[in-house]
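*Asks:* got a structure for you, letters missing:
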């Protein structure tokens with residue numbers, strides 16, 4: 001599955017291990033005998049005309065492949081891309097010994113890698129032909145996918161995927177230093193991971209990176225992983241996938257279920273739309289199950305298992321294919337002649353070269369954080385919640401009020417929801433704070449299915465009657481009695497309002513009684529509701545006093561207690577005649 005893709009082409013890929021050594025050697029020779037090289041054409045210069053022919057031939061196949069792709073002839077496009085690569089590799093020239101040919105080849109591989117990926121469903125179709133303008137196109141010209149807003153609802157908020165940063169990562173010379181002791185430790189540490197892999201210096205390079213400039217990223221991930229680790233391990237174990245591979249979640253999303261890459265991959269496990277759909281993750285105007293906890297984790301485990309079976313149990317190749325797609329790994333195997341990731345390494349895109357050793361480094365650190373200098377990292381508690389079956393569209397505002405929480409919190413534990421309402425015309429299991437499931441179920445029983453998008457819930461003050469609630473909300477008493485039959489309000493409780501928000505209707509104050517020093521014949525005083533922003537140090541009583549309002553009424557109107565502190569800038573509804 002192709003999850004996320006590099007923004008820059010492989011011009012920065014000269015640092016890869018399999019290709020850099022010959023260049024360094026060549027440059028050293030040039031430095032030591034510059035005058036001789038200027039006087040006598042070397043093999044590279046004599047081959048320059050041949051290199052031009054090879055590049056021209058490869059470019060022609062690449063352009064034809066791109067045209068086929070535009071016409072949705074994917075098989076023909078793949079054949080042309082193969083011919084473009086073959087034109088270089090079967091030319092008889094040593095690609096690594098010719099800087100010009102090497103540069104072209106790496107850019108060619110990177111462009112094919114990106115072009116072969118279908119554009120995300122969210123991306124406008126008009127952007128597809130512009131993905132790569134030419135073999136030498138800059139990735140800055142590639143438009144990021146547009147997360148198109150659906151009419152009638154607020155889109156879920158997204159966070160950037162760490163894979164975008166990974167695609168641009170270039171290790172420093174210090175990070176690439178590996179001592180003999182570190183190499184020996186790396187070999188010994190392999191036994192701590194519950195799947196086989198081959199040691200490579202690049203793994204230690206990424207360990208060095210996380211011990212230095214990547215330390216904050218690792219520390220945050222080790223902490224945040226606690227939210228999902230127990231769930232992920234259980235699912236991977238049930239699906240027969242090595243549990244240590246759950247740490248893909250750190251590299252994929254930094255354990256953020258609303259992470260999205262610049263190419264439109266989403267969720268903890270960064271599924272592209274089409275691959276997510278292949279593994280049962282529904283994507284509609286109402287939900288995107290790529291952002292779910294359990295379903296996306298199960299889909300990820302199943303996909304990894306499928307890839308491992310395809311590569312005969314080679315988890316390094318499976319991990320690489322998870323990032324770049326099996327087609328690109330297969331092409332690398334054909335080029336290298338070996339089903340081994342480190343042999344395939346020179347023939348795949350830069351992001352995947354970074355991806356696999358990064359995953360292995362992350363697992364090693366996570367298995368023994370103190371050994372690598374990550375001390376006193378306390379994982380966050382596992383997410384806890386009740387789940388309630390909701391048979392039809394129900395507003396998150398109603399659910400939040402009925403379960404004593406906020407809409408923002410509900411969005412955070414139900415990241416698959418794209419709207420502030422559960423799907424219309426179908427059932428959905430909503431997560432609510434732990435211990436609040438029965439309370440929500442009891443409230444929902446009072447609300448007809450066709451009214452759950454507009455109904456609201458109000459917390460009654462102890463001893464408050466339905467008559468008083470009707471007076472201060474403007475809701476018909478008969479409706480309140482019908483919707484709240486049998487509810488005992490002596491100790492307070494939840495009152496269902498059949499329509500709208502009590503905060504946006506007129507507040508009717510009860511008639512003052514004679515004992516308060518007011519004539520019995522005085523009429524009721526109707527006041528307007530105004531929106532007030534609290535200041536530093538404000539309390540309910542202080543705000544009420546400024547507007548000659550009752551603190552009790554202000555507290556009830558805003559569904560808070562009189563003793564609740566107010567945040568600076570918090571909007572408070574106040575009855576006022578001003």
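*Replies:* Nice, I can see it. The shown structure was predicted, so the numbers you read here are calculated from the model rather than taken from an experiment.
*Asks:* hey, where'd the helices end up in the stretch 151-300 of the chain?
*Replies:* Ranges of helices within the stretch 151-300 of the chain are 162-168, 180-189, 201-211, 215-224, 229-238, 248-253, 273-278, 294-310, based on DSSP state H, counting those that start in this stretch.
*Asks:* redo those helices as TSV? Include distance to residue 67.
*Replies:* C-beta coordinates here come from the backbone N, C-alpha and C atoms, glycine included. Listed next are the helices of the stretch 151-300 of the chain as TSV, based on distance: least, Cβ to Cβ, whole Å:
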stretch	distance to residue 67
helix 162-168	26
helix 180-189	46
helix 201-211	37
helix 215-224	41
helix 229-238	42
helix 248-253	33
helix 273-278	22
helix 294-310	30
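*Asks:* please name the residues that touch residue 446.
*Replies:* Contacts for residue 446 (Cβ atoms under 8 Å, 6 or more residues apart in numbering) come out as 483, 484, 496.
*Asks:* who touches the lengthiest helix in the chain?
*Replies:* For the chain, the helix reaching the highest residue count under DSSP state H is reported as helix 48-70. Contact partners of helix 48-70, identified using Cβ under 8 Å, 6+ apart, comprise 74, 76-81, 83-85, 87-88, 91, 93, 98, 100-101, 104, 108, 111-112, 115-116, 128-129, 132, 135.
*Asks:* next, the buried residues of it.
*Replies:* Neighbour-count burial for helix 48-70, counted by 16 or more other Cβ atoms under 10 Å, picks out 51, 54-55, 57-59, 61-62, 64-66, 68-69.
*Asks:* just confirm residue 531 is within a strand.
*Replies:* Yes. Assignment of residue 531 by DSSP: H, G, I helix; E, B strand; the rest coil places it within a strand.
*Asks:* excluding its backbone neighbours, what's nearest it?
*Replies:* residue 571 (5.5 Å; Cβ to Cβ, 6 or more residues apart in numbering).
*Asks:* residue 254 too?
*Replies:* In space, residue 254 is closest to residue 162, 4.9 Å off (Cβ to Cβ, 6+ apart).
*Asks:* now residue 425
*Replies:* residue 392 (6.8 Å).
*Asks:* what sits against that neighbour?
*Replies:* By Cβ under 8 Å, 6+ apart, the contact list for residue 392 reads 422, 424, 425, 426, 427, 449, 450, 452.
*Asks:* show the contacting residues for the closest residue to the first one other than its chain neighbours.
*Replies:* In other words, residue 422. Once flanking residues are discounted, residue 422 sits nearest to residue 428: 4.4 Å by Cβ to Cβ, 6+ apart. Going by Cβ under 8 Å, 6+ apart, residue 428 touches 287, 389, 390, 422.
*Asks:* any idea what residue 428 is bridged to?
*Replies:* Beta bridges link residue 428 to residue 390, judged by DSSP bridges.
*Asks:* tell me how far it lies from residue 452.
*Replies:* Relative to residue 452, residue 428 is positioned 12 Å away (Cβ to Cβ, to the nearest Å).
*Asks:* pLDDT-wise, which helix or strand of this protein ranks last?
*Replies:* Ranked by mean pLDDT, DSSP states H and E, the weakest helix or strand in the chain is strand 507-508, scoring a mean of 32.
*Asks:* what's the span of stretch 252-261 from first residue to last?
*Replies:* Using Cα to Cα, to the nearest Å, one end of stretch 252-261 lies 9 Å from the other.
*Asks:* go through it and flag the buried ones.
*Replies:* 252, 253, 254, 255, 256, 257, 258, 259, 260, 261.
*Asks:* want to throw those into a markdown table with pLDDT?
*Replies:* What follows is the buried residues of stretch 252-261, written out as a markdown table (pLDDT from 0 to 100):
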| residue | pLDDT |
| --- | --- |
| 252 | 93 |
| 253 | 92 |
| 254 | 91 |
| 255 | 94 |
| 256 | 91 |
| 257 | 92 |
| 258 | 88 |
| 259 | 89 |
| 260 | 86 |
| 261 | 83 |
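*Asks:* among the residues you listed, which one lies nearest to residue 488?
*Replies:* Set against residue 488, the nearest of the buried residues of stretch 252-261 by Cβ to Cβ is residue 257 (39.6 Å).
*Asks:* once you drop chain neighbours, what's closest to the closest one?
*Replies:* Here the residue nearest residue 257, using Cβ to Cβ, 6+ apart, is residue 415, at 4.3 Å.
*Asks:* ok, now which ones touch residue 251?
*Replies:* By Cβ under 8 Å, 6+ apart, the contact list for residue 251 reads 162, 163, 166, 355, 358, 359, 362.
*Asks:* again, 6 Å this time
*Replies:* By Cβ atoms under 6 Å, 6 or more residues apart in numbering, the contact set of residue 251 is 358, 359, 362.
*Asks:* and the second one, how far from residue 319?
*Replies:* What that stands for is residue 359. 6 Å.
*Asks:* which residues do the two both contact?
*Replies:* Contacts common to residue 359 and residue 319, judged by Cβ under 6 Å, 6+ apart, are absent.
*Asks:* need the buried residues of stretch 252-261 in CSV with distance to residue 214, can you?
*Replies:* Putting the buried residues of stretch 252-261 into CSV (distance: Cβ to Cβ, whole Å) gives the following:
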residue, distance to residue 214
252, 15
253, 16
254, 11
255, 15
256, 17
257, 22
258, 22
259, 17
260, 21
261, 19
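*Asks:* tell me the one among the contacts of residue 392 nearest to residue 442.
*Replies:* Closest to residue 442, out of all of the contacts of residue 392 and judged by Cβ to Cβ, is residue 452, at 14.3 Å.
*Asks:* now for the closest residue to the closest one other than its chain neighbours, how many residues are close by?
*Replies:* Once flanking residues are discounted, residue 452 sits nearest to residue 394: 4.0 Å by Cβ to Cβ, 6+ apart. Neighbours of residue 394 under the rule other Cβ atoms under 10 Å: 25.
*Asks:* could you do residue 534 as well?
*Replies:* There are 18 residues near residue 534, going by other Cβ under 10 Å.
*Asks:* what's the pLDDT at residue 214?
*Replies:* Residue 214 carries a pLDDT value of 92.
*Asks:* how about the one 10 residues further on?
*Replies:* What the model reports as pLDDT for residue 224 is 93.
*Asks:* look up how far residue 330 lies from residue 215.
*Replies:* 36 Å.
*Asks:* residue 80 now?
*Replies:* Taking Cβ to Cβ, one finds residue 80 at 16 Å from residue 330.
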